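Participant: what follows is a predicted protein model with its sequence.
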Amino acid sequence: MDDIRRKKPFYIDDFKDALSVQSLASTIFIYFACLAPIVAFGGLLGDATENRMASIEALVSGLVAGVIFGFCSGQPLTILGLTGPDLVFETMVYDFCKGLEWDYLSFRVWIGLWVFLILLVLVATDASAFVCYITRFTEESFATLIAVIFIIKAIEKMINVAKS
C-alpha cells in the first residue's frame, strides 16, 4: 500500500507525458525490443515443449503482461516476454513432466497459481524493500548458470547434428 501511496500523485502526469510526440520513438523501440525476444524464444520454446507452448502463446502472454504492467507499474523497461531463464525453466519442467508421464500444461497451471500466491504474499508484506540486499554476486552467479546451460545445449545440438 505504501508503494501505491507514493506513486499516486504521479499517475496523471505519467499519462500526459505518454501522449507527447517525443515519446513516440521510445514507444516504437520498446515495442520491437519486447516483440523480438518473444518471437525468438517462443520458437525455441515450441521446439523444447513439442509445441505445447510456442510463439503464439508467448505473444499472447507478452500482450497481457505488457498491458497490465503498463497500467500498473512505474518501470516501463522491465522485461515482459520470454528470456533465456524462462526457456531453460520451461524445458526442465517439460522434461520433468514427460519423465513422470504427467500432463505438462496442467502442471504448468499449478506452477502459475503457486507463483501468483507467493507473489501476492510478497506484495502484501512490501517485500520489495529487501531488493537492496541482492548483491551483484547473486546476479552474476545466476547469469553464469544460464550461460553454462545454453553452452551445454549448443554442444548437445552440435553432437546430434554431427551424428545425423
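Facilitator: Happy to help now that I have it. Worth saying up front: this structure is predicted, and the values here are computed from it rather than measured.
Participant: what stretches of the chain score poorly on pLDDT?
Facilitator: Within the chain, the ranges that satisfy pLDDT under 70 run 74-79.
Participant: residue 65: helix or strand, and which one exactly?
Facilitator: Residue 65 belongs to helix 55-72 when assigned by DSSP states H and E.
Participant: same question, residue 82
Facilitator: Going by DSSP H and E, residue 82 is not in any helix or strand.
Participant: ok so, going back, counting by contacts, list what the helix holding residue 65 packs against.
Facilitator: If you count contacts as 3 or more CB pairs under 8 Å, 6 or more residues apart in numbering; DSSP states H and E, helix 55-72 packs onto helix 23-48. Every residue, glycine included, has its C-beta placed from N, CA and C.
Participant: could I get the phi/psi values of residue 83?
Facilitator: Reported as degrees, to the nearest 10, the phi and psi values for residue 83 are phi -130, psi 180.
Participant: list the buried residues for the helix holding residue 65?
Facilitator: For helix 55-72, the neighbour count (16 or more other CB atoms under 10 Å) marks 55, 57-59, 61-62, 65-66 as buried.
Participant: as CSV, those residues with distance to residue 145 would be great.
Facilitator: Putting the buried residues of helix 55-72 into CSV (distance: CB to CB, whole Å) gives the following:
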residue, distance to residue 145
55, 26
57, 25
58, 22
59, 27
61, 24
62, 24
65, 24
66, 27
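Participant: distance between the lengthiest helix in the chain and the chain's centre?
Facilitator: With secondary structure taken from DSSP state H, the chain has its longest helix at helix 136-163. Counting by CA atoms, centre = their mean, to the nearest Å, helix 136-163 is centred 19 Å from the centre of its parent chain.
Participant: checking residue 50 next. Helix, strand or coil?
Facilitator: With DSSP: H, G, I helix; E, B strand; the rest coil as the basis, the three-state label of residue 50 is coil.
Participant: once you drop chain neighbours, what's closest to it?
Facilitator: In space, and not counting its chain neighbours, residue 50 is closest to residue 94: 7.8 Å by CB to CB, 6 or more residues apart in numbering.
Participant: against residue 91, how distant is residue 131?
Facilitator: 28 Å (CB to CB, to the nearest Å).
Participant: more crowded one of those two?
Facilitator: Neighbour tally, residue 131 and residue 91, criterion other CB atoms under 10 Å: the higher count belongs to residue 91, 17 against 7.
Participant: what's in contact with the helix or strand harbouring residue 120?
Facilitator: Applying DSSP H and E as the criterion places residue 120 in helix 104-124. Helix 104-124 is contacted from outside by 49, 52-53, 93-94, 97-98, 128, using CB atoms under 8 Å, 6 or more residues apart in numbering.
Participant: no further queries at this time; thank you.
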